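Visitor: Next come a sequence and a model predicted from it.
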Amino acid sequence: MSTPIRTLLLLFALLAGPLALTPAWAQTAPPLIPLADFFADRTTSWDYRISPDGEKLAWTDRQAGKAGIAVKWLDSGKVWRVPAERPIYTAYWAADSRRLVFYWDNAGDENYQLHTVDIERPSAPPRNLTPFPGVKVRWQQNFPDDPAHVLVRLNTRDPALHDLYRLNIDDSSLTLLAENPGDIRYWVTDTRGDIIARFRNLAGGDWVLEVPGTDAAGWRILKRGAYDDYLRVLGHSIDGRFVWALSALGRDKQALVRLDLDSGDETLRFSHPDVDVERAWIDRDSYRPLRAQSWPGYLEVEHFDDALGRDMALFQHDGPANVRIESADRAKRKLTVIVGTDRGGRAYYLLDRDSKQIELLAEPPVARYREQLSQTRPIRFTARDGLPLRGYLTMPNGGEGRRLPMVLRVHGGPWWRDYWGYSAVNQFLANRGYAVLQVNYRGSTGYGRAHIRAARREFAGKMHDDLVDGVNWAVAQGIADPDRVAIYGRSYGGYATMVGMTFTPDVFAAGVNIVGLTDLTHAMETFPPYWRPYIHWWRNYVGDPTVQADRDDMAARSPIHFVDRIKRPLLIVQGANDVRVVRSHSDRIVEAMQDAGLPVQYILFEDEGHSIRKWQNQMTMNRAVERFLATHLGGRAEAVE
């Protein structure tokens, strides 16, 4: 690099005080909410989980900025807390209601290792159950009646392949259950931990679901699917005769089905007419479905248990809300429930289903600004080729909402989607005066097979056209000022930002690229080795870099080769330890822009990976975003001491 790449603290000195969007809007705008209240709650808690015996609650938290795990005994009110070395997002109860297990990686390298703490040994530090350098642990299951063991998948033998093991929590010993011959996506196990099926890749990326058979290989093919056919088994079968699954085999939309493991027949349990069934809660003990979720715009839930449906109705709001069961005790009489809205974030509750007593456990500090936060609403429009598209729009409070500066916020994946609910980023941007547009462009999940397949070989093509069509829709509605639109995204969204700045440089006034890939061939050649079982998806949707014609096409869709087209300012953020989008994606494009004298600001976090997780780094990044957008779009920015 022509200059050292470090966090550019000088970004904070760009402006000395708050900027007003326009004098008229400033008169009606809500108060400026401090950036720290969006991204740096130094004392907060989340992810409350009831123990299997129903006697304790566990959660993760920050106190004075320090991460930790806390446990509360419900009868006595006693609280125990163990500090954590690094951020923890979820701690799960072991079946004995005594130990908690959680994951840590090393500064964002995604090589997650499984740790445990024992609440009956409060002075003992967390213990690493899988202390293998460079190894990524994947969870398989635990056992309600065998609290000493869990099933995990480990790539200790080959970085590209995960084998199935039984792990003893007491002494960390491992027993190999199945070795991956090189083509196994994952195994399906029953409640005893026995393997009852396996997903195996075929040449070209197609797959088969196999069950134990009588042939020489010992396996019988039950189902076949193309590389982008979806079938996911839910929970763990009790008797191995059938499983519940989300399936799109033979249909456009994912549905909840009962899959017979002898005949392969699917019996439809529930489908949504317009969108995929994306999630379902299966009772562990009876192995029957209790509820299913779909997201046409707002969350829609189908309850198969009337009593549970009545209990969840206790959490209904006047307006839309995301009501989700986070955990349940073994008897399913005590539940922790998350209630999320677009304004105020997620509130955590404890429900006693016998007494119908509801206790508020926690809500985020930003909830105190609920009346000042903005509404997010579902939107629809049609792409230029006639494809129906959906998304979300968050508008700043105050004013008439006409010809506003707008941020097009592009989700990552790209095989993911935006959902309705609270977003700290959206609310922060809206509070600064920007309309925020999110488009579930073709390739986004949740809208069926045809919507995903419409994205095949359309990186920097129709996938980007969908985003520009969203901008044009917002301009035609009178929402956005066409001269003040920025594009912002992470991962694939960062790639979309770079495509916007190089392929449609006159559409966007500025761009924010967070860990975004810039070279498609380089990306596929540097993916983590354990992505190998899924690389066929990328080859079919993006291209095969071992085929010269594909390689040429991928180069033609890679922003790194079109730096000379960039006209507008860029802010680029990168985690040095990113294993999905390695830092060279950002280093190369920043160097090329600097050499060409183009405006670019670069923030590199040495202690982060693909996600910028530490609250201090979140503050650094979002302060830079705030100043960058205020400079180039004219929104508000908080004064910095």
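Guide: Yes, it's here.
Visitor: in the stretch 401-550 of the chain, which segments are predicted with low confidence?
Guide: By pLDDT under 70, the stretch 401-550 of the chain contains no weakly predicted segment.
Visitor: can you pull out the strands in it?
Guide: Taking DSSP state E, counting those that start in this stretch as the test, the strands found in the stretch 401-550 of the chain are 404-410, 435-440, 480-490, 510-514.
Visitor: Serialize those strands to JSON lines and add fields for mean neighbour count and distance to residue 527.
Guide: For glycine as for every other residue, the C-beta is placed from the backbone atoms N, C-alpha and C. Converted to JSON lines, the strands of the stretch 401-550 of the chain look like this (neighbours: other Cβ atoms under 10 Å; distance: least, Cβ to Cβ, whole Å):
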{"stretch": "strand 404-410", "mean neighbour count": "28", "distance to residue 527": "21"}
{"stretch": "strand 435-440", "mean neighbour count": "26", "distance to residue 527": "24"}
{"stretch": "strand 480-490", "mean neighbour count": "23", "distance to residue 527": "17"}
{"stretch": "strand 510-514", "mean neighbour count": "27", "distance to residue 527": "19"}
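Visitor: Could you save those strands as TSV and add columns showing distance to residue 629?
Guide: Shown next, in TSV, are the strands of the stretch 401-550 of the chain (distance: least, Cβ to Cβ, whole Å):
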stretch	distance to residue 629
strand 404-410	7
strand 435-440	11
strand 480-490	6
strand 510-514	7
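Visitor: what about those strands, which gets the closest to residue 248?
Guide: For the strands of the stretch 401-550 of the chain, the distance to residue 248 is smallest for strand 435-440, at 17.0 Å, taking Cβ to Cβ.
Visitor: Contacts for that closest one, please.
Guide: With contact meaning Cβ atoms under 8 Å, 6 or more residues apart in numbering, strand 435-440 is reached by 379, 389-396, 401, 404-411, 417-418, 425-426, 429-430, 446-447, 466-467, 470-471, 474, 479-480.
Visitor: Now, the residues you listed that are in helices?
Guide: Members of the contacts of strand 435-440 lying in helices (criterion: DSSP state H): 425, 426, 429, 430, 466, 467, 470, 471, 474.
Visitor: returning to what we had before: out of the strands of the stretch 401-550 of the chain, the one nearest residue 540 is which?
Guide: Proximity to residue 540, assessed across the strands of the stretch 401-550 of the chain by Cβ to Cβ, is greatest for strand 435-440 (20.9 Å).
Visitor: I'd like the C-alpha coordinates of that closest one written as CSV, please.
Guide: Taking Å, rounded to 0.1, in the frame of the first residue of the first chain, the C-alpha atoms of strand 435-440 are listed here in CSV:
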residue,chain,number,x,y,z
ALA,A,435,-34.7,7.8,4.1
VAL,A,436,-33.4,4.2,4.2
LEU,A,437,-34.4,1.9,1.4
GLN,A,438,-33.9,-1.9,1.5
VAL,A,439,-34.6,-4.1,-1.5
ASN,A,440,-34.9,-7.8,-1.5
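Visitor: in its sheet, what does it sit against?
Guide: Note on strand 435-440: by DSSP bridges, its sheet partners are strand 388-394 (antiparallel), strand 404-410 (parallel).
Visitor: and residue 251, which of those strands is closest to it?
Guide: Between residue 251 and the strands paired with strand 435-440, the tightest spacing by Cβ to Cβ is seen for strand 388-394, at 18.1 Å.
Visitor: average pLDDT across that closest one?
Guide: The pLDDT scores in strand 388-394 average 98.
Visitor: Now do that strand and helix 424-431, the angle between them.
Guide: With axes from the mean of the first three to the mean of the last three Cα atoms, to 10 degrees defining the directions, strand 388-394 sits at 60 degrees from helix 424-431.
Visitor: other SSEs contacting the strand or helix carrying residue 553?
Guide: Following DSSP states H and E, one finds residue 553 within helix 548-556. For helix 548-556, the packing partners by 3 or more Cβ pairs under 8 Å, 6 or more residues apart in numbering; DSSP states H and E come out as helix 520-525.
Visitor: centre of the chain versus the helix it packs on, how much separation?
Guide: Its chain's C-alpha centre and that of helix 520-525 lie 22 Å apart, by Cα atoms, centre = their mean, to the nearest Å.
Visitor: buried sites along it?
Guide: Within helix 520-525, the residues scored as buried using 16 or more other Cβ atoms under 10 Å are 520, 521, 522, 523, 524.
Visitor: Of all residues in the chain, which one is nearest the centre?
Guide: In the chain, the C-alpha nearest the mean C-alpha coordinate belongs to residue 416, at 7.9 Å (Cα atoms, centre = their mean).
Visitor: What's the separation between the residue lying closest to it once chain neighbours are set aside and residue 246?
Guide: In this structure, residue 416 finds its nearest non-sequential neighbour in residue 445, 6.0 Å apart by Cβ to Cβ, 6 or more residues apart in numbering. Residue 445 sits at a distance of 11 Å from residue 246 (criterion: Cβ to Cβ, to the nearest Å).
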